[in-house]
Every structure is written in structure tokens, then in C-alpha cells.
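Asks: Take a look and give me a structure for this.
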Amino acid sequence: MPFSCDVGDVPYIQVVFTNSGGTVVDPTTIVLYLEKPSGSVGTYTYASGSVTRPAAGTYTYNGTATESGYWQTRWVGDGAAVAAQQGRYFVRSVNT
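Replies: Next comes the predicted model:
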């Protein structure tokens, strides 16, 4: 189930990569594709510093929610651990 937050919040987006045996592993490359409700897609990588690694196999991204609606996420790992994970979250508009 997707989580929700408000425009202006900084949602915490995380992925954990494991091998077929369930052991946490680090892919050689990590890419996060983040699609805004407007349809524009941002690309974020561990190599660029946009994505952080707080623990083995665990990667996070924190960016400000700038549009209301559903945001789509797709994490892709390649090399030492080939895997992908998709998700989404909802951002509510804020009436002040």
C-alpha cells in the first residue's frame, strides 16, 4: 500500500536488495527513476550522491515533494546484484 505525505514534505524512499537466498547484497550500480504526477522523470544514482547507502544493500533517497498526486518509483540494481523494485506514494496538496 502506498504511503502519503503533503506537498513540501521530504518523503523517505528506500530499497533493500537481496539475492535469491535472502542475503542482503550491494549491486554494482544503483539507479532510482522517480516519476512525478506531471509525467516528468528524474534519474538519481548512488554514484552521483543523490542516493545514499545507510547499510549494506540498503539505499535511500530524500527529495522534496513538489507536486500533488501519485509519484512512481523504480529502483534498478545492476552488476553484482541484478534486481528492480517499483512502488508509488501519494502527495496531498496543502491548502493554507
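
Asks: Apart from its neighbours in sequence, what residue is nearest the residue positioned nearest the centre of the chain?
Replies: Closest to where the C-alpha atoms of the chain average out (C-alpha atoms, centre = their mean) is residue 13, at 4.6 Å. In this structure, residue 13 finds its nearest non-sequential neighbour in residue 61, 4.7 Å apart by C-beta to C-beta, 6 or more residues apart in numbering. Quick note: C-beta positions are derived from backbone N, CA and C, even for glycine.

Asks: in this protein, which segments are predicted with low confidence?
Replies: Filtered on pLDDT under 70, the chain yields the residue ranges 1, 96.

Asks: tell me the contacts of residue 34?
Replies: Listed by C-beta atoms under 8 Å, 6 or more residues apart in numbering, the contact partners of residue 34 are 13, 41-44, 61, 63, 71-73.

Asks: Please, where are all the helices along the protein?
Replies: For the chain, no helices are identified by DSSP state H.

Asks: which residues of it fall in strands?
Replies: Secondary structure of the chain (DSSP state E): strands at 4-6, 12-16, 29-35, 41-45, 52-55, 58-62, 69-78, 83-92.

Asks: tell me the angle the last one makes with strand 69-78.
Replies: Going back to what we said before, that points to strand 83-92. On the basis of axes from the mean of the first three to the mean of the last three C-alpha atoms, to 10 degrees, strand 83-92 is oriented at 160 degrees to strand 69-78.

Asks: Contact partners for residue 70?
Replies: Neighbour list for residue 70: 2, 37, 88-91 [criterion: C-beta under 8 Å, 6+ apart].

Asks: mind listing what the residue nearest to residue 13 touches?
Replies: Per C-beta under 8 Å, 6+ apart, neighbours of residue 61: 13-14, 32, 34, 44, 50-52.

Asks: Done for today, thanks.
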